[in-house]
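Undergrad: after the sequence you'll find the predicted model.
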Amino acid sequence: MTFKSIYEINVTGIDGSTHQLGEYVGKVVLIVNTASKCGFTPQYQGLQKLYDAYKDKGFVVLGFPCNQFMNQEPGDEASIASFCELNFGVTFPMFAKVNVNGKEAHPLFAYLSSTLPGLMNSKKIKWNFTKFLIDRQGKPVKRYAPSTEPEALIKDIEKLLEA
């Protein structure tokens, strides 16, 4: 299935509720596949800082837990939500666990990885905390490696917020 923007895609909230990404029309969106037991897990703090700094200007971070990389997200949704809140004060929207690669990949990540391939044009997501920046029209504009710290995205976020 092909999409014109992320707005056509349905997702499941971490609480089991159904959402259409159309809820975020007009916002700059950062989509991240996350994990609680990953070397990059401390990035939750930086992601929360970005959200706090720009949420009133039309920016949102969307976290999608994923257990496809060395079982680094083994818990259920309730334990993931609790971990994120207690350890990193996460208040940005979190969603149900998803697969980001393979035949069972969530349509959102299949769309993102085919629209913005990674290194050497690879459509695979290599690890947790791969980040996708989406413009106000719901179009993916930039992909960031897991090692890219959230603070390094500030200029790109501000540019999209001003557009």
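TA: Structure received.

Undergrad: going forward, measure contacts and count neighbours with C-alpha atoms only.
TA: Noted.

Undergrad: bridging residues for the closest residue to Y54 other than its chain neighbours?
TA: Leaving aside its sequence neighbours, Y54 sits nearest to V60 (C-alpha to C-alpha, 6 or more residues apart in numbering; 7.7 Å). Beta-bridge partners of V60, counted by DSSP bridges, are V29.

Undergrad: am I right that V60 is in contact with V28?
TA: Yes. Using C-alpha atoms under 8 Å, V60 is in contact with V28, at 6.4 Å.

Undergrad: looking at this, K159 is in a helix?
TA: Yes. Checked against DSSP: H, G, I helix; E, B strand; the rest coil, K159 lies within a helix.

Undergrad: could you measure from it over to E149?
TA: 18 Å (C-alpha to C-alpha, to the nearest Å).

Undergrad: can you get me a residue count around the residue nearest to Y54?
TA: A count of neighbours around V60, defined by other C-alpha atoms under 10 Å, yields 23.

Undergrad: show me the contacts for it.
TA: K27, V28, V29, L30, Y51, Y54, F92 (C-alpha atoms under 8 Å, 6 or more residues apart in numbering).

Undergrad: can you give me the helices in this protein?
TA: Per DSSP state H, the chain carries helices over the ranges 43-54, 77-88, 107-115, 154-162.

Undergrad: winner for burial among those?
TA: Of all these, helix 107-115 has the most neighbours on average by mean count of other C-alpha atoms under 10 Å, namely a mean of 20.

Undergrad: next up, the contacts around the spatially closest residue to E149 that is not a sequence neighbour.
TA: Leaving aside its chain neighbours, E149 sits nearest to Q43 (6.7 Å; criterion: C-alpha to C-alpha, 6+ apart). Listed by C-alpha under 8 Å, 6+ apart, the contact set of Q43 reads F129, E149, P150.
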